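**Student:** coords please:
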Amino acid sequence: MSRRLALIIGNSEYDDPALARLVTPGGDAADLAAVLRDPQIGGFEAVETLLNQPLTKVRRAIAHFFARRKPDDLLLLYFSGHGVLDDRGRLFLALKDTEHEVLRGTALSANFITDEMDGSRSKRQVLILDCCHSGAFARGAKGAPGSSVGTAPNFAGTGYGRVVLTATDSTQYAWEGDQVTGEGLNSIFTRHLIHGLHSGKADTDQDGRVTLDEWYDYAYAQVISQTPKQTPHKWSFNEQGEIVVARNPHWRPPTLPPALQQALENPLKHVRLGAVRELGDLLRGSEKGLALAAKTALERLENDDSRTVSRAAAEILVGKEKTAPAETPKNDVSAVATRAKKIEVGKPAKAEPEKKAEPIPQPSPQPTPVSPSRPAVSGRASKRRTFNPLLISGAVVMVSCLLLVITRTIINMTASGTLDTSSLPETITNSKDSPMVLIPAGPFKMGSDADVALAECQELRIGSEDECQRSWSENEEPQHTVTLDTFYIDQHEVTNAQYEACVDDGGCKPPGNTASKTRPRYYNNRDFDDYPVIYVDWEKAKTYCDWRGARLPTEAEWEKAARGTDGRTYPWGKQTPNDKLLNFLSKEGDTKPAVSYPDGASPYGVYNMAGNVGEWVADWYFSDYHASSLEENPANQIPSTKRTVRGGGLSSGENGVRTAFRMGYDPTISTSNIGIRCAHSP
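**Tutor:** Numbering: from 1, shown residues only. So this is what the prediction gives:
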């Protein structure tokens, strides 16, 4: 039986001060190990992690990793750290005890890794390098950053079934004597590899499996869209068969559009016949999930009581037999042998392998949607399908055609996501007596430019020129356009009374403290029922929203609800904050009722999106999250040590109550400054 094994090596600390320039995110290696080890995602049975270890221990671990393996074993080796070329152009990977002047004796040689891979019986080997490369050159010569480090020749070897993925193949640094010159970039390659698996986004064809090609394609597209100076590459050396890296943890068996399903169950055979042709379009389409659902439906229709319908279904299946869609993914995510690839170029692609060895990165083409242009079934089409017109009255034909046109229109609207949502009410009140406000679908500007925020700080005279700092807003960069689906959000912060109802119902645990800043008895006190609940950690906030049949808003949803689509600095606009608009700067000394400050409401009429209490959102917190977030419905579910809090609090200053301001908190803490606001998808 084949095995799935991984060895994760990361270095962020170096004894040699010349190598201390590179700062690798410490959690990347651990996060990658976690997602590979997760039985719902990677399903790797053994994942070993080595962080900041000396050369001898790393060499021994690599040797053991590739030894005594079977041909079908999947072996994934990952390295994050410095990559350095010696004066003969040979690539070395720097470890904790590496000395840059004696690389051959203190660094991990690419030749060593290649030899171990060549000697292994495994024919499914994946090497991932997230390195910041530096060149070493002959005495007196200068090497300009940007030249290739020669990944392909260094790891080609003589073995079979080898794939190499790299964050970059170029040098960012050059040595001049004992000094390092050049501009280094913090790689986001690993971050997107992790997110692609954790979110399921890397399953681009939505068949429930993430292949190595899909994984690389996803990371490549994300990296080049955000960091043009960094270009990932991919090489395949004698690769045989498709490598499945993981399962999509969010995949569900695909279902047909409801209107199409209704057409299949229609008693009029002409409507069912039109639905058969729609199924044929889906079967021949590029979306594997829908193709699988269409194939299942057509197989069922082969037994339809109408011989015309059953014959049409059989003809489509026979015509598609040689290219039938893949079966539902099983728990075993082992590779499926398909084709033998020789050397592959570095570009992400699903097409046939290129003949060249030099990588030429390009994004994969997007799937083409099913065309809605084919005409509805007519009497003439029915003749070609051998219908007997003597058995059909003119009235039935007309009704059938009309129903088919209506069905096709609904199907196309459903597939394109353009169903009219204008009938949704602007406000709703759920069974827990919590009013919610509609936030329409569409784009908005998220985040801020730190220079602009600094200028606004000085313009509004929030502080003197010396007191305004650019660093206050750097975690909000870059400002970027985000598109969200329609959602509802609480018009007010969750109150003590509302949270107490959940506790009384057995769905929630009481707050960690029943006092507030100045009130010894705040929670479970009728005088403060309408005040925001506080001293709830992230898990309690999530549990409450779940109990209500809602959820925590994503960070992007929260920000759109606060600032609207005009990019305003504060929920009410650009006006300098004052005590008629919000509770801030500890002017009130404690919380105010959740219905306070109507003049400070957001464009959608949402209260207290600035000040009073901050609010937990669903996302994990990274200071550089905006640089790697998705353009549509982003939600950062890559685990971190902190969760995001938005909105500032009663003690926040003018900067901390801006709509773009974001903070990260330990999700297990509870304070008098953080409360809850829920969201709901219609």
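**Student:** where does the nearest residue to Ala29 once chain neighbours are set aside land on pLDDT?
**Tutor:** With CB to CB, 6 or more residues apart in numbering as the criterion, Ala29 has its nearest non-adjacent residue at 3.3 Å, and that residue is Gly10. Yep, even glycine has a C-beta here, placed from its N, CA and C like the rest. For Gly10, the pLDDT comes out at 89.
**Student:** also Glu321?
**Tutor:** pLDDT recorded at Glu321 is 42.
**Student:** just to revisit the earlier point, list the contacts for the residue nearest to Ala29?
**Tutor:** Contact partners of Gly10, counting by CB atoms under 8 Å, 6 or more residues apart in numbering, are Thr24, Gly26, Asp28, Ala29, Thr49, Leu50, Leu51, Asn52, Tyr78, Phe79, Ser80, Gly81.
**Student:** reformat those residues as JSON lines; add neighbour count, pLDDT and distance to Pro425.
**Tutor:** Below are the contacts of Gly10 laid out as JSON lines (neighbours: other CB atoms under 10 Å; pLDDT from 0 to 100; distance: CB to CB, whole Å):
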{"residue": "Thr24", "neighbour count": "22", "pLDDT": "54", "distance to Pro425": "50"}
{"residue": "Gly26", "neighbour count": "14", "pLDDT": "57", "distance to Pro425": "48"}
{"residue": "Asp28", "neighbour count": "23", "pLDDT": "78", "distance to Pro425": "45"}
{"residue": "Ala29", "neighbour count": "25", "pLDDT": "83", "distance to Pro425": "48"}
{"residue": "Thr49", "neighbour count": "17", "pLDDT": "94", "distance to Pro425": "51"}
{"residue": "Leu50", "neighbour count": "18", "pLDDT": "93", "distance to Pro425": "56"}
{"residue": "Leu51", "neighbour count": "17", "pLDDT": "91", "distance to Pro425": "53"}
{"residue": "Asn52", "neighbour count": "18", "pLDDT": "91", "distance to Pro425": "56"}
{"residue": "Tyr78", "neighbour count": "24", "pLDDT": "95", "distance to Pro425": "50"}
{"residue": "Phe79", "neighbour count": "25", "pLDDT": "92", "distance to Pro425": "54"}
{"residue": "Ser80", "neighbour count": "27", "pLDDT": "88", "distance to Pro425": "50"}
{"residue": "Gly81", "neighbour count": "26", "pLDDT": "85", "distance to Pro425": "55"}
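**Student:** closest one to Thr518 out of these, please.
**Tutor:** Distance to Thr518 across these (CB to CB) is lowest for Gly26, with 40.2 Å.
**Student:** low-confidence stretches in the stretch 201-350 of the chain?
**Tutor:** 228-229, 239-240, 286, 320-350 (pLDDT under 70).
**Student:** where along it do the helices fall?
**Tutor:** For the stretch 201-350 of the chain, applying DSSP state H, counting those that start in this stretch gives helices covering 212-226, 258-264, 269-284, 288-301, 307-319.
**Student:** state the mean pLDDT of the one helix or strand Val503 maps to.
**Tutor:** Following DSSP states H and E, one finds Val503 within helix 496-504. Average pLDDT, helix 496-504: 96.
**Student:** try stretch 664-671
**Tutor:** Stretch 664-671 shows an average pLDDT of 91 in the prediction.
**Student:** distance from the chain centre to that stretch, please.
**Tutor:** Its chain's C-alpha centre and that of stretch 664-671 lie 23 Å apart, by CA atoms, centre = their mean, to the nearest Å.
**Student:** hmm, who's touching it?
**Tutor:** If you take CB under 8 Å, 6+ apart as the criterion, stretch 664-671 is touched by 511-513, 534-540, 616, 621-623, 640-645, 674.
**Student:** weed out the non-buried ones from those residues.
**Tutor:** Using 16 or more other CB atoms under 10 Å as the burial test, those include 511, 534-538, 540, 616, 621-622, 640, 642-645, 674 as buried.
**Student:** among those residues, which lie within strands?
**Tutor:** Trp616, Arg643, Thr644, Val645, Ile674 (DSSP state E).
**Student:** backbone phi and psi for the nearest residue to the last one once chain neighbours are set aside, please?
**Tutor:** Using CB to CB, 6+ apart and skipping the chain neighbours, the partner closest in space to Ile674 is Gly614 (4.8 Å). Dihedral pair for Gly614: phi -70, psi 170, per degrees, to the nearest 10.
**Student:** can you count the residues close to Gly614?
**Tutor:** Using other CB atoms under 10 Å, Gly614 has 27 neighbouring residues.
**Student:** nearest to Val35 among the buried ones among the contacts of stretch 664-671?
**Tutor:** Among these, Ser640 lies closest to Val35 (CB to CB), at 13.1 Å.
**Student:** hmm, Tyr621 and the closest one touching each other?
**Tutor:** Yes: applying CB atoms under 8 Å, one finds Ser640 in contact with Tyr621, separated by 5.8 Å.
**Student:** what's near enough to touch the closest residue to Glu615 other than its chain neighbours?
**Tutor:** Spatial nearest neighbour of Glu615, chain neighbours left out: Arg677 (4.6 Å); criterion: CB to CB, 6+ apart. Taking CB under 8 Å, 6+ apart, we find Arg677 in contact with Ile489, Asp490, Glu493, Val494, Pro553, Trp558, Glu615.
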